[in-house]
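S.K.: I need the structure of the sequence given here:
(one chain, ligands or ions: 2)
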Amino acid sequence: MRGLLRWGGHYRVGIGEMDRDHEALIELLNRLDEQFRNGENAEALQATLRRLVTEAQTHFRMEERLMKRLAYPRKDAHKAQHDFLIGHVAEFQREFEAGKAELTESVMTYLRDWLRDHLLVSDKQLGRFLEPLLRR
Ligand SMILES: [Fe+2]
Ligand SMILES: [Fe+2]
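M.R.: Ligands and ions are numbered 1, 2, ... in the order given. Got it, this is the predicted structure:
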């Protein structure tokens, strides 16, 4: 994976609980990348990946509750993106833990690009919608 994600203002959506989670997800992804670079064993990589998946699921559910509560018009499309990622990653994780797949450069790149694009496009859009409603 060339180029880590670096938490900063460009990722901020202005909703405290979203921003805190996003920073934590970026940190976990960077930790996974570091372990991958250092050639750590499969158990160590799997433990971090498992944590990343669990925290992403919890985070996605939180966003989905917010979208529902505040009647976000693009709720279904946004949730579909979450489901798509979790579906893919959970499938990879099963294969990885069964010894049928390896964590590779392209898996790392896929995870990074997905997270970056989702944060910068879909979550930003969501933030712009939620921010004035939650500020009231
Ligand atoms: Fe998010
Ligand atoms: Fe999201």
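
S.K.: pLDDT weak spots in this structure?
M.R.: Low-confidence segments of the chain, defined by pLDDT under 70, are located at 1-3, 136.

S.K.: Could you pick out the residues of it near ligand 2 for me?
M.R.: Proximity of the chain to ligand 2, by Cβ under 5 Å from the ion, involves residues 63, 123. Backbone N, C-alpha and C define where each C-beta goes, glycine included.

S.K.: hmm, 8 Å instead?
M.R.: Proximity of the chain to ligand 2 is assessed by Cβ under 8 Å from the ion, with 59-60, 63, 78, 81-82, 118-119, 122-123, 126 identified as the residues in range.

S.K.: Switch those residues over to JSON lines; also include distance to R20 and neighbour count.
M.R.: Rendered in JSON lines, the data for the residues of the chain next to ligand 2 read as follows (distance: Cβ to Cβ, whole Å; neighbours: other Cβ atoms under 10 Å):
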{"residue": "H59", "distance to R20": "9", "neighbour count": "19"}
{"residue": "F60", "distance to R20": "15", "neighbour count": "19"}
{"residue": "E63", "distance to R20": "12", "neighbour count": "23"}
{"residue": "H78", "distance to R20": "19", "neighbour count": "20"}
{"residue": "Q81", "distance to R20": "20", "neighbour count": "17"}
{"residue": "H82", "distance to R20": "18", "neighbour count": "18"}
{"residue": "H118", "distance to R20": "16", "neighbour count": "19"}
{"residue": "L119", "distance to R20": "13", "neighbour count": "22"}
{"residue": "S122", "distance to R20": "18", "neighbour count": "16"}
{"residue": "D123", "distance to R20": "13", "neighbour count": "24"}
{"residue": "L126", "distance to R20": "15", "neighbour count": "21"}
